[in-house]
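J.: Requesting a structural model of the entry that follows:
(one chain, ligands or ions: 1)
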Amino acid sequence: MKQIVILISGRGSNMQAIVDARIDGAQIAAVISNRPDAAGLAWAAAQGIPTVALDHKQYASREDFDAALQAAIDAFSPDLVVLAGFMRILTPAFTRQYAGRMLNIHPSLLPAFPGLHTHQRAIEAGCKLAGCTVHFVTAELDHGPIAAQAAVPVMGDDTAETLAARVIVEEHRLYPAVVRAFVEDRLQIDGLRVRVLP
Ligand code: GAR
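T.: Okay, the predicted model is just below:
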């Protein structure tokens, strides 16, 4: 049984999609949030999933917080760490620790629009397609090997909110599918490319 630790900062709808997928051979060992008031934390606890709140504001530096986060994660000996709306920039040492076994979902078609406000930026850039990307996490922000992407059309009257609503539907479909592929050992990393075995 592969153990999965999910990190969140907010509502945790991607976390919910992964939990609800009930992936064979995987157990959600814990959900950890850097925000004690994250709505997703209460949802996970209500499902009987162990939860940990680790308030980043209680730590003097990013390094101190990441060290505490690493200790909290490693207490569950996970095979996979899943970032699901975890809104923290991670230190290189932290990302190295989980190289090849930490996934993130980002609400753009990377390498376009890393960082924040992705939907507004896609609209302003005149993009006809937007979407989401699931990638392995490296030290470079929003830049690891891409496991999967999903695209949606950008409509003429879209706002950041209407586009986000279209993209999140795809996020909830894509992320559980990639986690399932990881659990089934079907993802092979080759540089920045990821081969997804059938
Ligand atoms: C999702 O749209 C996710 O792609 C995005 O935050 C949202 C979290 O929603 N992540 C990032 O922007 C990471 N840079 P959720 O808490 O409901 O899953």
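J.: Show the contacting residues for the residue in the chain that the ligand sits nearest to.
T.: Nearest residue of the chain to the ligand: Gly85, at 2.6 Å (C-beta to the nearest ligand atom). Yep, even glycine has a C-beta here, placed from its N, CA and C like the rest. Applying C-beta atoms under 8 Å, 6 or more residues apart in numbering to Gly85 gives the contacts 8-15, 40, 105.
J.: Confirm for me that Gln3 is in contact with Phe76.
T.: Yes: here Gln3 reaches Phe76: they are 6.0 Å apart, a contact under C-beta atoms under 8 Å.
J.: who has more neighbours, the two?
T.: Set side by side, Gln3 and Phe76 show more neighbours around Phe76, with 18 against 15, by other C-beta atoms under 10 Å.
J.: Wasn't that one part of a strand?
T.: No: per DSSP: H, G, I helix; E, B strand; the rest coil, Phe76 lies outside any strand segment and is coil.
J.: Make 32 the first number, not 1, from now on.
T.: In the new count, where the first residue is 32, that last one comes out as Phe107.
J.: pLDDT wise, what is it at?
T.: Looking at Phe107, its pLDDT is 98.
J.: Name the nearest residue to it, sequence neighbours excluded.
T.: Spatial nearest neighbour of Phe107, excluding adjacent residues (C-beta to C-beta, 6 or more residues apart in numbering): Ala60 at 4.0 Å.
J.: how about the helix or strand where that neighbour lies against the ligand, any contact?
T.: Ala60 belongs to strand 57-64 when assigned by DSSP states H and E. No: against the ligand, strand 57-64 shows no contacts by C-beta under 6 Å from any ligand atom, the least distance being 9.9 Å.
J.: Give the intersection of the neighbour lists for Gln34 and Phe107.
T.: What both Gln34 and Phe107 touch, as defined by C-beta under 8 Å, 6+ apart, is the set Ala60.
J.: quick check: angle from the helix ranked longest in the chain to strand 57-64?
T.: Of all segments of type helix in the chain, defined using DSSP state H, the longest is helix 191-214. In terms of direction (axes from the mean of the first three to the mean of the last three C-alpha atoms, to 10 degrees), helix 191-214 departs from strand 57-64 by 140 degrees.
J.: Downstream of helix 191-214, the next helix or strand is which one?
T.: strand 218-221.
J.: partners of that next one in the sheet?
T.: Here strand 218-221 is paired, per DSSP bridges, with strand 224-227 (antiparallel).
J.: Return the distance of the partner strand from the chain's centre.
T.: 18 Å (C-alpha atoms, centre = their mean, to the nearest Å).
J.: Then stretch 94-112?
T.: Here stretch 94-112 shows a centroid-to-chain-centroid distance of 15 Å under the convention C-alpha atoms, centre = their mean.
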